[in-house]
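Engineer: Provide a 3D model corresponding to the input given below.
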Amino acid sequence: MSSLSAIINPVTLGRDVSKLKVYIYTSHATEHGLGFEQRVIDGGRGKILGDVKKTTKLRNPSTLVSLLMDDTVRVYGVEHDSNNICLVAPIHEPIPNTFAKQGYIAGCAVKNKNDSKSDPGWLYYTVVDPDNGTSIQEQSLSDTTGGQRNTGADGIFDNTWLAAFHDGATRWMVYQKKKNNVIFVRDVGVDDGDEYAVEKNNIIARQQAQIGAVFVSAADSGTNKGVAWIYFTNKANQLWRTSAKISDSLKFAVPYLVPDSGEVKPDSQISVVADVPRRRNVIYTMLKSNTDEISIIIDEWDKKAEKPAE
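Structural biologist: Residues are numbered from 1 along each chain as shown. Model prediction:
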């Protein structure tokens with residue numbers, strides 16, 4: 001499995017757009033240790049740093065999460081032997097009693113409005129119960145000795161990929177249900193939050209579709225509302241996208257095939273960052289045509305979509 005997570009290097013924000021950089025964290029294909037590289041946001045492969053043999057051995061399959069909290073990029077993964085979710089960079093620190101036996105995790109964080117307090121963050125992972133089915137648990141990163149709760153989502157596909165984002169007011173989780181393979185976005189900032197299907201007719205998403213998400217604020221998007229972008233793969237492993245303005249009720253646009261996206265490896269994680277100055281999203285993943293390194297897919301916000309859903 002190709003695990004990867006990309007996040008903008010916060011030090012480069014505000015620089016000339018040609019110098020905007022991202023950190024990319026990966027799970028090494030054979031050693032399963034944590035790899036790291038830095039590259040220009042739409043640039044080619046950077047130098048892999050570190051000795052993966054000396055890092056935390058990660059579960060295969062599993063996913064990675066990178067979050068900016070308290071001015072530090074934190075990376076979370078699932079340990080190989082224990083299935084324990086751990087902080088794996090910049091230090092190693094297991095989260096007590098938090099186990100992702102399926103390996104799929106997601107997370108989000110937000111800047112605390114009170115500078116004297118730590119930034120809050122959350123992780124999401126599935127738990128399979130033979131009697132009650134699959135649930136998605138939330139783990140607060142502000143209270144790692146407790147802070148766990150069931151998100152309330154039901155009918156979950158056992159091995160669903162997960163994504164999450166925070167819109168500045170509440171947090172959202174993205175997941176797939178068993179019935180018709182429909183992908184949902186759920187408000188998990190409140191108990192019994194509403195959930196919204198990203199597709200309603202002629203479902204495109206494949207079973208166990210890879211999922212990616214990114215949120216762009218109203219100020220950055222130039223709209224009256226912030227926009228959530230959701231990416232997923234279809235049965236042909238092509239990358240599709242939809243979007244919705246964040247409001248009291250989410251209404252997703254008709255999904256479109258991302259132009260020039262190629263065929264995504266069926267076991268590769270999708271990671272999305274917003275390139276706000278150039279009004280586009282940059283997707284990092286592994287393509288079948290280029291399996292030796294991470295590929296970049298550019299999705300311009302204002303470009304007419306290549307192919308609408310049929």
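Engineer: can you give me the helices for the stretch 201-310 of the chain?
Structural biologist: 218-221 (DSSP state H, counting those that start in this stretch).
Engineer: shaky segments in it?
Structural biologist: Applying pLDDT under 70 to the stretch 201-310 of the chain picks out residues 291, 304-310.
Engineer: can you pull out the strands in it?
Structural biologist: Ranges of strands in the stretch 201-310 of the chain, per DSSP state E, counting those that start in this stretch, are 211-216, 227-233, 239-245, 256-257, 271-275, 280-287, 290-300, 307-308.
Engineer: show me the contact partners of the strand or helix carrying W122.
Structural biologist: Assigned by DSSP states H and E, W122 belongs to strand 121-129. Contact with strand 121-129 is made by 65, 67, 69, 74, 76, 85, 95, 98-102, 104-110, 134-142, 151, 156, 158-160, 162, 164, 171, 173, 188, as judged by C-beta atoms under 8 Å, 6 or more residues apart in numbering. In this view, the C-beta of every residue, glycine as well, is placed from N, C-alpha and C.
Engineer: mind listing what's buried in it?
Structural biologist: G121, W122, L123, Y124, Y125, T126, V127 (16 or more other C-beta atoms under 10 Å).
Engineer: for V17, the count of nearby residues, please.
Structural biologist: 13 (other C-beta atoms under 10 Å).
Engineer: mind listing the strands the strand holding W122 pairs with, and their directions?
Structural biologist: Note on strand 121-129: by DSSP bridges, its sheet partners are strand 105-109 (antiparallel), strand 133-140 (antiparallel).
Engineer: can you dump the C-alpha atoms of stretch 197-210 in PDB for me?
Structural biologist: Provided in PDB are the C-alpha atoms of stretch 197-210 (Å, rounded to 0.1, in the frame of the first residue of the first chain):
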ATOM      1  CA  ALA A 197     -24.400  12.300   0.500                       C
ATOM      2  CA  VAL A 198     -21.900  13.500  -2.100                       C
ATOM      3  CA  GLU A 199     -23.700  11.600  -4.800                       C
ATOM      4  CA  LYS A 200     -27.400  10.900  -5.000                       C
ATOM      5  CA  ASN A 201     -28.000   9.300  -8.400                       C
ATOM      6  CA  ASN A 202     -25.900   7.100 -10.700                       C
ATOM      7  CA  ILE A 203     -23.300   6.400  -8.000                       C
ATOM      8  CA  ILE A 204     -19.800   6.700  -9.400                       C
ATOM      9  CA  ALA A 205     -17.700   5.800  -6.400                       C
ATOM     10  CA  ARG A 206     -16.300   2.300  -6.400                       C
ATOM     11  CA  GLN A 207     -16.400   0.000  -3.400                       C
ATOM     12  CA  GLN A 208     -13.600   1.100  -0.900                       C
ATOM     13  CA  ALA A 209     -13.000   4.200  -2.900                       C
ATOM     14  CA  GLN A 210     -10.000   6.300  -2.000                       C
END
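Engineer: mind listing what W229 touches?
Structural biologist: W229 neighbours (C-beta under 8 Å, 6+ apart): A213, V214, F215, V216, R241, T242, S243, V272, A274, N281, D299.
Engineer: give me whichever of the strands of the stretch 201-310 of the chain is most buried.
Structural biologist: strand 227-233 (a mean of 25; mean count of other C-beta atoms under 10 Å).
Engineer: between strand 290-300 and that one, find me the angle.
Structural biologist: Relative orientation of strand 227-233 versus strand 290-300 (axes from the mean of the first three to the mean of the last three C-alpha atoms, to 10 degrees): 150 degrees.
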